[in-house]
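Engineer: let me see the structure of the following:
(chains A, B, C and D)
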There are 2 protein chains.
Amino acid sequence: MTDPAATEPLLATLWRMPADKDDQVVAARATLAEVADIADVSISTVSKVLNGRPGVSDETRAKIEGLLQQQGYARRQSSTGPAALIDVLVWEIDSTWAVELIAGVERVAREHGLGMVVSGTQDRKSADPRWLDAVLARRPVGVLLVGAELPDAPRRVLQSRQVPVVTIDQGGHAHPSEHSVGSADWSGAFQATRHLIDLGHRRIGIVTGPDDMIASVARLSGFRAAVEAAGLPLPPEYVRRGEFHHRDGLEHGGALLELPEPPTAVFASNDLQALGVYEAARSHGVRIPEQLSVVGYDDLKAASWVSPALTTIRVPLAEMADQATRLLVRLRDEPDFAVSHIDLATTLVVRQSTAAPAEAAGGPDPVTP
Amino acid sequence: MTDPAATEPLLATLWRMPADKDDQVVAARATLAEVADIADVSISTVSKVLNGRPGVSDETRAKIEGLLQQQGYARRQSSTGPAALIDVLVWEIDSTWAVELIAGVERVAREHGLGMVVSGTQDRKSADPRWLDAVLARRPVGVLLVGAELPDAPRRVLQSRQVPVVTIDQGGHAHPSEHSVGSADWSGAFQATRHLIDLGHRRIGIVTGPDDMIASVARLSGFRAAVEAAGLPLPPEYVRRGEFHHRDGLEHGGALLELPEPPTAVFASNDLQALGVYEAARSHGVRIPEQLSVVGYDDLKAASWVSPALTTIRVPLAEMADQATRLLVRLRDEPDFAVSHIDLATTLVVRQSTAAPAEAAGGPDPVTP
DNA sequence: CTGAAAGCGCTTACAG
DNA sequence: CTGAAAGCGCTTACAG
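Structural biologist: Next comes the predicted model:
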């Protein structure tokens, strides 16, 4: 059985051509008998290994365990269809941002009698293989990606098992072949920047999100468009790359204030960063909004609690969660439902963190570091 | 077969006495053969009904469907035991407080290869019956209650199905027969109050949580103990009942500041309330900490972002989640593990929201409403 | 340690 | 419309 040619016909039996009118090749799972055949042992022995029973030599056991793993052996499939579960994969599960989405998904899932399995990931772009295995074993109604992305390989695996995937907040442009629910990032950023310009600001800085996130790129782009449309300069040192974290605002906010010619307003790409800018301003003795205007993005609850209350772009997180979850439920009932990209509108919420610049001409005196 | 006596022995076969050394009676599910027997039809016919196949008369179909329902027929049980899931029931899922616990539970669950199913409830004390049904169908490793309580009936149902329950943050005193992980609420509140007294405050108000939550009662009690130990007066109007919400701080904070003799310091029973007190102080033109000291409870991330940064009691939420989840995993392996109550220590985090009162003797002038 | 054989719960093609 | 019989995937008591 170490002769590769010998296993050839056996492997072939693992792929069956079912008597299918659609003339479609479907991957059939391996049975105990097939694994036993490949391993050259009896079905009984494979059964013992599978159930952890004694009476099998270590050598045989190891060989069979390897084969079960390799062949992706799964017990007799219950013909009950998918479990009443939705799997949610969340990037940075403890972010205030993720919470509002999770709460929204839970509410709609509950309405439909579905449980919500939540998994976190620190790595936005690659799925833990154990996560994928767990999802396949659970056979959920569908998978919701919140801020996370899925590489092609696991994406195809899910597709082949008829597990639909919906992405939330990718700006709706990431995978054209994939269902997504996002918000109007570009125009939200444009509105925010426009608001600052209308107040009379001429020197406006930005703290961006990671440049490999569509939402973040779209916000920067909307910002640039508004600045350019107004004919304002945008020195490169006014554009600071961040990671959507509080500390970005603290660090880059400080750096901006220490420039020889600091901006009179800062557009933070999310509220957390905006709160970081607050802290930087505080430690530099700069008053908001008198000496520095700040606009955030998201409209987290905290945005209205801080002082001064934060002017920001409201992202309809609850509604996005709602739409995405309903889409998943719909895909369960109509698997061939056309691929859809939904972008919900964002709105500017003006509070106390923005005002006209101190001097329409020169701006505040440079701050001494 | 409408003669009740005739069904008697057949019903009896639904309860089998397995060849069990423990001499335990175990409820066995009905098989197709048994249902067929009761219905007086062949197994084939029952199988057809079960799978919605044609070739069965409406009458026979109706009879069999009724019996399948009545006998609680379930397909062949996968002999795999409980699913690789933990069920978490969360009170107010979108509270900042719940998030940190959920994130902590997810991390430990993942470590153990377990998925985390999250359900929310707005009603802290009664479980949705659909939730209970879903949990029983999922057969999770265990149930974690986060801020939620379970009435006796569902509690007994879970117990009878060997689904262990662990409660997080009930102060560890709610159900003596139940596993719980809490934190030292009484001594945390005592520390916080003691801190204010040490700074020289003599008039200290409190915004409490709901008086049917142990955590909240314990905090009030710790507060009282510290005030009394210092021989300070505690007028009834200094004790304001809240619900652990931001608006409690806003409303009661305002009410306290409008008293003829307002307190010089406020102990808020959680950080959200403390931020509400901030807002009340702001709208009354009262400066923190110069004119009013504020202490919170929880140490949410936002506590260090606000200005002035909030002095608070740190509750080890991540560690509590960790302990509770590990306890559940342990209960899976040792169902008879002794009931345990773990209370983790809390610590005082001194930031900028507390200072000595303006006038050691009289305090600030009463604020005009 | 190994596997042939009996058996369980279920499905399905087919005879009546 | 109904059911006897063959068969599938798996488990288990037991012979070698």
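
Engineer: local confidence estimate at residue A:298?
Structural biologist: Looking at residue A:298, its pLDDT reads 93.

Engineer: surely it and residue A:268 touch.
Structural biologist: No. Taking contacts as Cβ atoms under 8 Å, residue A:298 lies outside contact range of residue A:268: 9.7 Å. All C-beta spots, glycine's among them, are computed from the backbone N, C-alpha and C.

Engineer: these two: who's more crowded?
Structural biologist: residue A:268 (33 against 28; other Cβ atoms under 10 Å in any protein chain shown).

Engineer: who's the more buried one bridged to?
Structural biologist: With DSSP bridges as the criterion, residue A:268 is bridged to residue A:207.

Engineer: where does it land on pLDDT?
Structural biologist: 98.

Engineer: confidence score at residue A:102?
Structural biologist: 94.

Engineer: next one: phi and psi at residue A:332?
Structural biologist: phi -60, psi -40 (degrees, to the nearest 10).

Engineer: that one and residue B:130: what is the separation?
Structural biologist: Per Cβ to Cβ, to the nearest Å, residue A:332 is found 18 Å from residue B:130.

Engineer: the more surrounded of these two?
Structural biologist: Counting neighbours by other Cβ under 10 Å for residue A:332 and for residue B:130 shows that residue A:332 has the greater number, 20 against 11.

Engineer: gap between the more buried one and DNA strand C?
Structural biologist: 21 Å (Cβ to the nearest atom of the strand, to the nearest Å).

Engineer: go on, residue A:41?
Structural biologist: In terms of Cβ to the nearest atom of the strand, residue A:41 sits 4 Å off from DNA strand C.

Engineer: neighbours of that residue, how many?
Structural biologist: Using other Cβ under 10 Å: residue A:41 sits among 18 other residues.

Engineer: pretty sure it sits against residue A:60.
Structural biologist: Yes. Contact criterion Cβ under 8 Å: residue A:41 and residue A:60 qualify, at 6.4 Å.

Engineer: can you give me the buried ones in stretch A:195-202?
Structural biologist: For stretch A:195-202, a neighbour-count test (16 or more other Cβ atoms under 10 Å in any protein chain shown) marks A:195, A:196, A:197, A:199, A:201, A:202 as buried.

Engineer: a markdown table please, covering those and showing pLDDT.
Structural biologist: Putting the buried residues of stretch A:195-202 into a markdown table (pLDDT from 0 to 100) gives the following:
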| residue | pLDDT |
| --- | --- |
| A:195 | 98 |
| A:196 | 98 |
| A:197 | 98 |
| A:199 | 98 |
| A:201 | 98 |
| A:202 | 97 |
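
Engineer: in helices, which of those residues fall?
Structural biologist: A:195, A:196, A:197 (DSSP state H).

Engineer: and the residue of the stretch 151-300 of chain A found nearest DNA strand C, which of the three is it?
Structural biologist: Residue of the stretch 151-300 of chain A nearest DNA strand C, by Cβ to the nearest atom of the strand: residue A:162 (18.3 Å). When classified by DSSP: H, G, I helix; E, B strand; the rest coil, residue A:162 comes out as coil.

Engineer: list the contacts of it.
Structural biologist: Residue A:162 is in contact with residue A:335, counting by Cβ atoms under 8 Å, 6 or more residues apart in numbering or on different chains.

Engineer: quick revisit: residue B:240: which of the buried residues of stretch A:195-202 is nearest?
Structural biologist: Taking Cβ to Cβ as the measure, residue B:240 lies nearest residue A:195 of the buried residues of stretch A:195-202, at 38.3 Å.

Engineer: so the closest one touches residue A:296, yeah?
Structural biologist: No. Residue A:195 sits out of contact with residue A:296 when judged by Cβ under 8 Å, with a separation of 11.8 Å.

Engineer: what is in contact with these two at once?
Structural biologist: residue A:311.

Engineer: how about the helices in the stretch 201-350 of chain A?
Structural biologist: Using DSSP state H, counting those that start in this stretch, the helices assigned to the stretch 201-350 of chain A run over residues A:214-229, A:246-257, A:271-283, A:317-333.
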